[in-house]
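> 3D, please:
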Amino acid sequence: MKKEMLINVLQPEESRIAIIEDGVLEELYVERTSHENLVGNIYKGKVVNIEPSIQAVFVDFGVGRNGFLHVSDVEFQYYKHLVSEEEMRANRKNPKFNERSARHKPPIQDIFTRGSEVLVQVIKEGIGTKGPTLSTYVSIPGRYLVLMPGLQRMGVSRKIEDEETRRRLRQILRQIDPPEGLGFIVRTAGVDRSAEDLVRDMNYLLRLWKTIVRRIEKQQSPVDIYEETDLITRTIRDIFSADIETIWIDEPKAYERARDFVEVIMPRHVDRVKLYEAKEPLFHKYRIEEEIDRIQSRRVPLPGGGSLVIDQTEALVAIDVNSGSHRVDNDADKTSLQVNLAAAKEIARQIRLRDLGGVIVNDFIDMRDERHRRMVENKLRDCVERDRARTKVLRISPFGLIEMTRQRIRPSLKRSAYEDCPCCRGVGMVKTGESMAIEVVRTIMKRASNEEVKRIQVECHTRVADFLINRKRRDIIDLEERYGITVTIQTGMNVTPEHLVVKCLNDIGQEVSILGSGDSYSRS
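Predicted coordinates for the structure are as follows:
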């Protein structure tokens, strides 16, 4: 399997990184300069509001929007004065004890007061009206290790499942002997690394932590203490693995920066970083642009037939699996199984590429055979294992639904690249010409009941005007005769389908105020 990393940064406003496997786009990372990425940044903030009802505080950390800090994300050092050492030792000996559980912590109003200073890290971007989510459990990633100042122990990533590997890494960690009070976790990238590699990474993180501590001591809150690296450096650090044959970069300065970084953290792979100099754009050569266009589509075709329909709402993401014309030996059960297995693989890929998060409900084609249902469920679980975001897949329901959750770190690709349509205001539909025409007649009737009104001017979309003139002419004439008014209908230039402006005039041409807040009724 040929695996490559493509880095496109020719446009200064946007950086894009694609991971392709045998020519197929498997991962996509997009970052724009117009949207500052806060995730991973560390700030010295100040508590500005305490909400006991939800056991959370809001923190001003200097970016213009207050962050949300829940009690479950408050580290022990902030409430150790409220808990005896004996109690904490007893809790830690309990195998069921979870230090991050809100049940094992004092109330948030006892931990903080308004004005309290707190060191926080952004763990989730603000979405919509919600501010960023914060945590006091600070973590600073290196290439092979993650520094966790509040952990006070050495550990191995849960994603490393092989017990022999875990034992070997724990033995190396015991030999390293980090400074007291600081914890380290071995990342998946550190699986095959030597003790020297891990020590070198630890020393880099320790130097970085000393710099951070000095800034914490000197700076007044709210202030930026540490910023995550740019997308290129971050992705190479977190994503690069030995099976990636080449890192192609299409911009000379970015190439030099990436090469310098790789030379420092993994010098043996520096020759894999290459400058792309061909005339044909990098993403076009690998047909990535076509793939990105398909990512934005609501309907996704499946290999061999069938399709996915992906709808993103405020509450959840709904994914519907359709069989289309796909048939296997005229056997409905086999057809359903084959389409669902293909759908499970593509669903895992699409949620990665689109960066979908939160609750995701997958509506698979009904299957009567219980074995088939388990096969589809297990296939989806296997396919999401490679996802860097935390995912949890539930059992398939009797209706063929599989609910899952995926860690939402930042807004999805769709929400970052698109804005609500000015015509439908994000609904996805507009009223028909008939519906708008009926609304116009009702509005005329209401306005005409005012005795001051003698003329009503209606401005609307062409198709609404056509319906009024051709299908509702009799109704409008009846209103003119009943109320003694004149109705004028005209079309607006380049207006939306739901555009409607109704002006009411008296017998000398002055506008009559009907609504109290203005002299005309309008909607666009």
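> Walking through the stretch 301-450 of the chain, point out its strands one by one.
With DSSP state E, counting those that start in this stretch as the criterion, the stretch 301-450 of the chain has strands at 307-312, 317-322, 358-363, 391-393, 401-406.
> Would you convert the ones you listed into JSON lines that also reports distance to residue 419 and mean neighbour count?
Heads up, the C-betas are built off the backbone N, CA and C, glycines and all. JSON lines is the format used below for the strands of the stretch 301-450 of the chain (distance: least, Cβ to Cβ, whole Å; neighbours: other Cβ atoms under 10 Å):
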{"stretch": "strand 307-312", "distance to residue 419": "14", "mean neighbour count": "17"}
{"stretch": "strand 317-322", "distance to residue 419": "19", "mean neighbour count": "20"}
{"stretch": "strand 358-363", "distance to residue 419": "20", "mean neighbour count": "18"}
{"stretch": "strand 391-393", "distance to residue 419": "28", "mean neighbour count": "18"}
{"stretch": "strand 401-406", "distance to residue 419": "24", "mean neighbour count": "18"}
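> For residue 144, which of those strands is the nearest?
Relative to residue 144, the nearest member of those by Cβ to Cβ is strand 391-393, separated by 23.8 Å.
> Pull the residues that contact that closest one.
Counting contacts by Cβ atoms under 8 Å, 6 or more residues apart in numbering, the residues outside strand 391-393 that touch it are 377, 380, 381, 384, 402, 404, 405, 406, 407.
> check contacts around the last one.
By that I understand residue 407. For residue 407, the set of contacting residues under the criterion of Cβ under 8 Å, 6+ apart consists of 357, 389, 390, 391.
> Distance of the last one relative to residue 162?
Just to be clear, that refers to residue 391. Between residue 391 and residue 162 the distance, using Cβ to Cβ, to the nearest Å, works out to 21 Å.
> And for the third one?
Look at residue 390 and residue 162: by Cβ to Cβ, they are 20 Å apart.
> What of the second one?
Residue 389 sits at a distance of 22 Å from residue 162 (criterion: Cβ to Cβ).
> What's the PyMOL line that selects buried ones from the contacts of residue 407?
Selection of buried members from those for PyMOL, criterion 16 or more other Cβ atoms under 10 Å:
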select buried, resi 357+391
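> The contacts of residue 407 in helices, which ones?
Residues of those located in helices (DSSP state H): none.
> Closest to residue 261 out of the contacts of residue 407?
residue 389 (23.9 Å).
> The closest one contacts residue 409, correct?
Yes: at 6.6 Å, residue 389 counts as touching residue 409 under the criterion of Cβ atoms under 8 Å.
> so what sits against both of these two?
Contacts common to residue 389 and residue 409, judged by Cβ under 8 Å, 6+ apart, are residue 357.
> In this protein, where is pLDDT below threshold?
Within the chain, the stretches falling below the threshold (pLDDT under 70) are 85-104, 325-330, 411, 515-524.
> sorry, back to before: got CSV for the contacts of residue 407, with distance to residue 173 too?
As requested, the contacts of residue 407 are arranged in CSV below (distance: Cβ to Cβ, whole Å):
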residue, distance to residue 173
357, 32
389, 26
390, 24
391, 28
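> wait, which of the contacts of residue 407 is closest to residue 25?
Within the set of those, residue 389 lies nearest residue 25; the separation is 17.2 Å, counting by Cβ to Cβ.
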